[in-house]
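# have a look at this prediction, sequence included:
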Amino acid sequence: MLLQHVVENVQRLNTRKLYVDTSSDAGYNNAVRLYQRFGFREEGRLVDYYEIGEDFLILGLSLTNP
């Protein structure tokens, strides 16, 4: 509910994109899936950022209609 609230309120501000970041570690798979259900897509990845094999993921959500 919190993420839905944030997305709706940011849309009201006529914001073009919303970004979140998370880890590629398996412990964050639920978070990644949640963001994907909201329409977030991977837009960037910093390989081995946290440690070898654990990347920094940048996920973006377009808030404008094409």
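Here it is on my side, so go on.

# and the lengthiest helix in the chain, what's buried?
Looking across the chain with DSSP state H, the single longest helix is helix 2-12. Using 16 or more other Cβ atoms under 10 Å as the test for burial, helix 2-12 gives residue 7. For glycine as for every other residue, the C-beta is placed from the backbone atoms N, C-alpha and C.

# low pLDDT regions in this protein?
Across the chain, the ranges flagged by pLDDT under 70 are 65-66.

# what about the helices in it?
2-12, 29-37.

# possible to save those helices as TSV with distance to residue 58?
Below are the helices of the chain laid out as TSV (distance: least, Cβ to Cβ, whole Å):
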stretch	distance to residue 58
helix 2-12	16
helix 29-37	11
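
# residues in contact with residue 19?
Going by Cβ atoms under 8 Å, 6 or more residues apart in numbering, residue 19 touches 43, 58-61.

# how about the helices of the chain, which one is nearest residue 23?
Checking the helices of the chain against residue 23 by Cβ to Cβ gives helix 29-37 as the closest, at 8.3 Å.

# report the buried residues of that closest one.
Applying a neighbour-count criterion of 16+ other Cβ under 10 Å, one finds 32, 35 buried in helix 29-37.
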